[in-house]
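# Dropping a prediction and its sequence here:
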There are 2 protein chains.
Amino acid sequence: MSQHRHPGAPGRAGAVPALPDLPEATVARLPEYLRALHNLADGGHETVSSEGLSAAAGVNSAKLRKDLSHLGSYGTRGVGYDVALLIEQIEYVLGLTQRRAVALVGVGNLGHALAGYDGFASRGFRIAALLDADPSRVGEEINGLIVRHVDELPAIAVQESIAIGVIATPAAAAQSVADQLVAVGVTSILNFAPCVLSVPEGVDVRKVDLAIELQILSFHEHRKASLTALPGGLAATETQEAIGT
Amino acid sequence: MSQHRHPGAPGRAGAVPALPDLPEATVARLPEYLRALHNLADGGHETVSSEGLSAAAGVNSAKLRKDLSHLGSYGTRGVGYDVALLIEQIEYVLGLTQRRAVALVGVGNLGHALAGYDGFASRGFRIAALLDADPSRVGEEINGLIVRHVDELPAIAVQESIAIGVIATPAAAAQSVADQLVAVGVTSILNFAPCVLSVPEGVDVRKVDLAIELQILSFHEHRKASLTALPGGLAATETQEAIGT
DNA sequence: CGCGATTTGTGCACGTCTTCACAAGCGCCT
DNA sequence: AGGCGCTTGTGAAGACGTGCACAAATCGCG
């Protein structure tokens, strides 16, 4: 026994998978593992130890093992993890076996950059629509896509079966856009506008605020400065940290 | 007694403040509170209750009170918080009383957008330099700044007293850029490149990876889909969450 | 076949974060 | 002055996340 069976082994499209419900902290790290694994695969590695992979992903190796153990038992003691198999499993759990369609609303400064960002396409997403409320922006072509008016969202959502909405509008417009996205059935939103969105239960919102990241760094700068000024002497003790969950 | 004295009341530029060392989770939320407070101030509010502010910031009110209590006691029981005073305090703690100079390295797609993003200027930061390694990009003017070659970093760092480095290069170049930033004394780095940076102790790195955010949303989409397919019936239970600590 | 080297998977203890619930404090009204 | 309603600040409990340390499992070699 002990072939790798798993509740949701990929390939079985019909069966309902019963995804293990992972800790949020683990979910937030899986994409990082995935990226590291792709790098290893490109480098020709067939297996990798938890030590090796954790170094490549910038985390503690015990944490990595515990994270992976939540997915099932895909390692071999004494050997390590099969890179290809692990990629397959993580992509399955993250729901990346189907390429999800993304609608990007707001084609200003940031929207332009996002529309042209190839990291989306290369990691399982397809920007299916660019929308803006400003008529003077409608019709513009960015990276092979034509900007359409946000009022066309209902038609586009059905046609392209939009799974995720990205809001890159000014803060004042964000709530209204979110409402429109929710109205057409979008249940996942990535919000770049610096404001709090209120959405019904069942809708996931993640927020990215670039200025907030700088302000957090500013705090640590401030603290480091106040420490070096103190008798203690040497600076000290900060280490790398990433955006957590 | 009980005038609001505080170890590091703003205005006292000379004295060493002895910043309270706040929990990381609290630090990550302070900028959000600050944004909400500015909105309230613009709206003419002079005071706000923890209930009101927490709603505006999208958090639990008890959490908000505990966060603020770490800064000192700046509320009045039965009344609430003085908006202006609290803004002053949070800005002081975050080190925003001095406008920090930011160097942005990598003026590609994303770099362009960041260079033009006015949220930085409006929230206490000054983009002091745009750098790129590609000679064909050097000389270009973006938003009033000229792109200079990354080799000029040492001179610029001194001249502009750069406090924070932002890396918006391809992943392959990021580590090298980070090394250069560290070499000229930068101790805070915001990294948009999808890779792990290794930096000496004492240097803070925060990472923002746009594709990772989408992948996390994708997981929740996948899970929601697998739940609705199960006997249980109704979708359910997801609520808004933000990028955590 | 057995043994040792290696690496996974996990029990456990610890620390951090969250949330509830309430005493303490403040202002207003009578 | 006294009492009442409101809101802060915080103790305590529970949930969550982390990291150590080790048993269990596997491979390769003699």
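Perfect, thanks for sending it.
# Burial check on whichever residue of chain A sits closest to DNA strand D, number of neighbours?
As assessed by C-beta to the nearest atom of the strand, DNA strand D sits closest to residue A:78 within chain A, at 2.6 Å. C-beta coordinates here come from the backbone N, C-alpha and C atoms, glycine included. Residues near residue A:78, counting by other C-beta atoms under 10 Å in any protein chain shown, number 6.
# what do you get for residue A:110?
Neighbour number of residue A:110 under other C-beta under 10 Å is 24.
# isn't it right next to residue B:117, touching?
Yes: with contact defined as C-beta atoms under 8 Å, residue A:110 reaches residue B:117; the gap is 6.5 Å.
# coming back round to it: name the SS class of the residue of chain A closest to DNA strand D, please.
Residue A:78 falls in the coil class when you classify it by DSSP: H, G, I helix; E, B strand; the rest coil.
# how distant is the helix or strand of chain A with the lowest mean pLDDT from the center of its chain?
Using mean pLDDT, DSSP states H and E, helix A:118-121 stands out as the lowest-scoring helix or strand of chain A, at a mean of 90. Between the centre of helix A:118-121 and the centre of its chain there are 11 Å (C-alpha atoms, centre = their mean, to the nearest Å).
# Check which helices and strands the very next helix or strand once past it sits against.
Proceeding N to C from helix A:118-121, the next assigned helix or strand is strand A:125-132, under DSSP states H and E. If contacts are counted by 3 or more C-beta pairs under 8 Å, 6 or more residues apart in numbering or on different chains; DSSP states H and E, strand A:125-132 sits against strand A:100-105, helix A:109-116, helix A:118-121, strand A:145-149, helix A:153-160, strand A:162-167, helix B:210-228.
# Show me what the least confident helix or strand of chain A is in contact with.
For helix A:118-121, the external contacting residues (C-beta atoms under 8 Å, 6 or more residues apart in numbering or on different chains) are A:102, A:114, A:126-127, B:194, B:209-211, B:214.
# Can you name the residues of chain A sitting close to DNA strand D?
Within reach of DNA strand D by C-beta under 7 Å from any atom of the strand, chain A has these residues: A:2, A:23-26, A:59-60, A:62-63, A:65-66, A:76-79, A:244-245.
# What residues does chain A have near DNA strand C?
So chain A meets DNA strand C at A:48-51, A:61-62, A:65-66, A:68-69, A:73-81 (C-beta under 7 Å from any atom of the strand).
# any low-confidence regions in chain A?
Within chain A, the stretches with pLDDT under 70 are A:1-18, A:229-245.
# quick one on the thing from earlier: output the helices and strands packed on strand A:125-132 in JSON lines; the columns should cover distance to residue A:44.
JSON lines is the format used below for those (distance: least, C-beta to C-beta, whole Å):
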{"stretch": "strand A:100-105", "distance to residue A:44": "30"}
{"stretch": "helix A:109-116", "distance to residue A:44": "31"}
{"stretch": "helix A:118-121", "distance to residue A:44": "23"}
{"stretch": "strand A:145-149", "distance to residue A:44": "36"}
{"stretch": "helix A:153-160", "distance to residue A:44": "37"}
{"stretch": "strand A:162-167", "distance to residue A:44": "33"}
{"stretch": "helix B:210-228", "distance to residue A:44": "24"}
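# Which of these has the highest mean neighbour count?
Most buried of those, by mean neighbour count (mean count of other C-beta atoms under 10 Å in any protein chain shown): strand A:162-167, with a mean of 26.
# That strand vs strand A:100-105, what angle?
30 degrees (axes from the mean of the first three to the mean of the last three C-alpha atoms, to 10 degrees).
# Okay, buried residues for the following helix or strand past strand A:162-167 please.
As assigned by DSSP H and E, the chain's next helix or strand after strand A:162-167 is helix A:171-183. Residues A:171, A:173-175, A:177-178, A:180-182 are the ones in helix A:171-183 that count as buried (16 or more other C-beta atoms under 10 Å in any protein chain shown).
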